[in-house]
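A.B. asks: My questions concern the predicted model and sequence given below.
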Protein chains: 2
Amino acid sequence: MPGRVDFYFDYISGYAYFAWLRLQEICDRRGAELGVHPVLFAGLLDHWGQLGPAEIPPKREWAYKDAFRVAHLHGIELSCPKYHPFNPLLALRLSLPEVGGAEQRRVVAAIFRAGWGQGIDLGSRDELAGALDREGLDSRALIERASAPAAKEALRQGTERAVGRGVFGVPTTFVGDELFWGSDRMDHVELALDGRDPLDHARVREALARPRAADRRKARPAGDG
Amino acid sequence: MPGRVDFYFDYISGYAYFAWLRLQEICDRRGAELGVHPVLFAGLLDHWGQLGPAEIPPKREWAYKDAFRVAHLHGIELSCPKYHPFNPLLALRLSLPEVGGAEQRRVVAAIFRAGWGQGIDLGSRDELAGALDREGLDSRALIERASAPAAKEALRQGTERAVGRGVFGVPTTFVGDELFWGSDRMDHVELALDGRDPLDHARVREALARPRAADRRKARPAGDG
């Protein structure tokens, strides 16, 4: 009984690259269907009123270091994109199912590898075209479709649908309706796919229903005398 | 050559509980000195302009589920505090080195266990006193010291010092001057303590120095026509 997996990502995140590498193998081994959904991380941040890791200086530095450590320990080739952050819109639109069709997974694999494995500029139309061509994909046709108003609208709507499902960061992986955030929860994804999610949903409901006894404003030291 | 480890935490975070359980054993096995630093997470969030996980509804739900899964898979007893969020100020002040003195680690262990292992109300003076007493600690003397102006000031200054070191979240663990965020990077902490941090600092410096090619405002779909 292979499950359904949905993967939400933006190329801006190196962790999305790590998750992508692992998730394909997890799904393929089980014959699970894998939905691949590019979303604009900046749109998620705007919606939830959150900052991205690159917007908090010490978190940015830690995230780079962490990504290099994770890559080293897992034997992953990592070479960050030439500029970061970059404008990811064309890369994301190229990655829509509406644009790539049957080649969608090959397009996404080519862009991830070129950006995070080899360090091209993922905001450059020419460098994206080169990466697609090197994989035997038809970059001209893909870029033409990705530049049409329908693709722009599809990315916008896809990001909105992700928000509607509760996606607050990237990478996010759903197994059925269960959300898993981050690249380092793939062991949880595998358990869920195998029908062995250890979660006791009743305990979670009970914990979530417990009353709040403080909020941030009241907890400030300045406010308690 | 045992290293120096500094642990920054707030009881508001269940992940801090997980890190605490693991870190003591990591340090004790190596004879590494462990500095234990309570900080006000709300103060960190205010400083960096960030939201906490509990302030984004789907992230709150995911974080609870994730904590239960992690606890189950690692054989950790988890019973969330009776109210969440709660006002952590007394618990944090009780945990200052200036308050606990030689008993600081016992105080912290008692509070973590009572809150996250057994589910007491960590914002309640009476329940905190009971937890300390059950561990054979002198709750009256501790609460008296924790309620003095000097303790309030020490927590405030400790949180400011943490910000000055770049602490943006909890738990944060330093090995020497190297920052590690989160409870699930204890393998990185161990490598660093053993002098085997795989990080190539030159590559990190190079990656961090790469130019930014976009910012969030410009990457919005609405802005690109």
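C.D. replies: Received the coordinates, thanks.
A.B. asks: quick one: the strands in chain A?
C.D. replies: Remark: strands assigned in chain A by DSSP state E are A:4-9, A:33-38, A:172-175, A:178-181.
A.B. asks: Let me have those strands in CSV, adding mean neighbour count and mean pLDDT as columns.
C.D. replies: Where you see a C-beta, it was placed from the backbone N, CA and C, and this is true even at glycine. Below are the strands of chain A laid out as CSV (neighbours: other C-beta atoms under 10 Å in any protein chain shown; pLDDT from 0 to 100):
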stretch, mean neighbour count, mean pLDDT
strand A:4-9, 22, 98
strand A:33-38, 19, 98
strand A:172-175, 24, 98
strand A:178-181, 22, 98
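A.B. asks: May I see those strands organised as a markdown table, with distance to residue A:65 added?
C.D. replies: What follows is the strands of chain A, written out as a markdown table (distance: least, C-beta to C-beta, whole Å):
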| stretch | distance to residue A:65 |
| --- | --- |
| strand A:4-9 | 22 |
| strand A:33-38 | 27 |
| strand A:172-175 | 23 |
| strand A:178-181 | 20 |
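A.B. asks: do you know which of those lies nearest chain B?
C.D. replies: Nearest to chain B among the strands of chain A is strand A:178-181; the distance by C-beta to the nearest C-beta comes to 5.5 Å.
A.B. asks: Is there proximity between the closest one and chain B?
C.D. replies: Yes - using C-beta under 8 Å from any C-beta of the partner chain, strand A:178-181 comes into contact with chain B via A:179-181.
A.B. asks: just for chain A, where's the confidence low?
C.D. replies: A:1-2, A:217-225 (pLDDT under 70).
A.B. asks: which residues of it fall in helices?
C.D. replies: Applying DSSP state H to chain A gives helices spanning A:14-30, A:41-48, A:57-74, A:89-94, A:97-100, A:104-112, A:125-134, A:139-146, A:149-164, A:186-193, A:201-209, A:216-219.
A.B. asks: And the strands of chain A: which comes nearest residue A:84?
C.D. replies: With distances scored as C-beta to C-beta, the stretch of these nearest to residue A:84 is strand A:4-9 (15.6 Å).
A.B. asks: and the closest one, what other elements does it pack with?
C.D. replies: Applying 3 or more C-beta pairs under 8 Å, 6 or more residues apart in numbering or on different chains; DSSP states H and E, we find strand A:4-9 packed against helix A:14-30, strand A:33-38, strand A:172-175.
A.B. asks: The last one vs chain B: in contact?
C.D. replies: No - with C-beta under 8 Å from any C-beta as the measure, strand A:172-175 is seen stopping short of chain B, the closest distance being 9.0 Å.
A.B. asks: who does that strand touch, helix- and strand-wise?
C.D. replies: By 3+ C-beta pairs under 8 Å, 6+ apart, strand A:172-175 packs against strand A:4-9, strand A:178-181, helix A:186-193.
A.B. asks: Give me the contact list for the second one.
C.D. replies: Spelled out, that is strand A:178-181. The contact list for strand A:178-181, computed with C-beta atoms under 8 Å, 6 or more residues apart in numbering or on different chains, reads A:165-169, A:171-174, A:188-189, A:192, A:197, B:58-59, B:62, B:66.
A.B. asks: same thing but 10 Å
C.D. replies: A:3, A:5-6, A:8, A:15, A:19, A:165-174, A:186-189, A:192-193, A:197, A:199, A:201, B:53, B:58-59, B:61-63, B:65-66, B:69 (C-beta atoms under 10 Å, 6 or more residues apart in numbering or on different chains).
A.B. asks: related to what we said a few turns ago, right, and the helices and strands packed on strand A:172-175 - which one's nearest residue A:27?
C.D. replies: Going by C-beta to C-beta, the one of the helices and strands packed on strand A:172-175 nearest residue A:27 is strand A:4-9, 5.4 Å.
A.B. asks: for stretch A:118-131, which positions count as buried?
C.D. replies: Buried residues in stretch A:118-131, counted by 16 or more other C-beta atoms under 10 Å in any protein chain shown: A:119-124, A:127-129, A:131.
A.B. asks: Is it positioned near chain B?
C.D. replies: Yes - Stretch A:118-131 lies within reach of chain B by C-beta under 10 Å from any C-beta of the partner chain, at A:119, A:121-124.
A.B. asks: Tell me the gap between that stretch and the middle of its chain.
C.D. replies: 19 Å (C-alpha atoms, centre = their mean, to the nearest Å).
A.B. asks: give the contact list for the closest residue to residue A:184 other than its chain neighbours.
C.D. replies: In space, residue A:184 comes closest to residue B:184 once its chain neighbours are excluded; the distance is 5.9 Å by C-beta to C-beta, 6 or more residues apart in numbering or on different chains. By C-beta under 10 Å, 6+ apart, residue B:184 lies in contact with A:182, A:184-185, B:15, B:18-19, B:22, B:66, B:70.
A.B. asks: which of those lies closest to residue B:211?
C.D. replies: Relative to residue B:211, the closest of these is residue A:182; by C-beta to C-beta it sits at 27.4 Å.
A.B. asks: What is the neighbour count of residue A:92?
C.D. replies: Using other C-beta atoms under 10 Å in any protein chain shown, residue A:92 has 30 neighbouring residues.
A.B. asks: just to revisit the earlier point, for residue A:209, which of the helices and strands packed on strand A:4-9 is the nearest?
C.D. replies: Nearest to residue A:209 among the helices and strands packed on strand A:4-9 is strand A:172-175 (23.4 Å), distances taken as C-beta to C-beta.
A.B. asks: hmm, back to that, deepest-packed of the helices of chain A, please.
C.D. replies: Per residue and on average, the most neighbours among the helices of chain A fall to helix A:89-94, with a mean of 26 (mean count of other C-beta atoms under 10 Å in any protein chain shown).
A.B. asks: Tell me if that helix is near chain B.
C.D. replies: Yes - judged by C-beta under 10 Å from any C-beta, helix A:89-94 and chain B are in contact via A:89-90, A:92-93.
A.B. asks: Then stretch A:102-113?
C.D. replies: No - interface with chain B: stretch A:102-113 contributes nothing (C-beta under 10 Å from any C-beta), its closest point being 15.9 Å away.
A.B. asks: Now do that stretch: distance to the chain's middle.
C.D. replies: 14 Å.
A.B. asks: Dump it to CSV, restricted to CA.
C.D. replies: Included here for stretch A:102-113 are C-alpha records, laid out as CSV according to Å, rounded to 0.1, in the frame of the first residue of the first chain:
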residue,chain,number,x,y,z
ALA,A,102,6.7,14.4,-17.8
GLU,A,103,10.2,15.8,-17.4
GLN,A,104,9.5,17.7,-14.2
ARG,A,105,11.6,15.5,-11.9
ARG,A,106,14.5,15.7,-14.4
VAL,A,107,14.2,19.5,-14.5
VAL,A,108,14.2,19.8,-10.7
ALA,A,109,17.1,17.4,-10.4
ALA,A,110,19.1,19.3,-13.0
ILE,A,111,18.5,22.7,-11.2
PHE,A,112,19.3,21.4,-7.7
ARG,A,113,22.5,19.7,-8.9
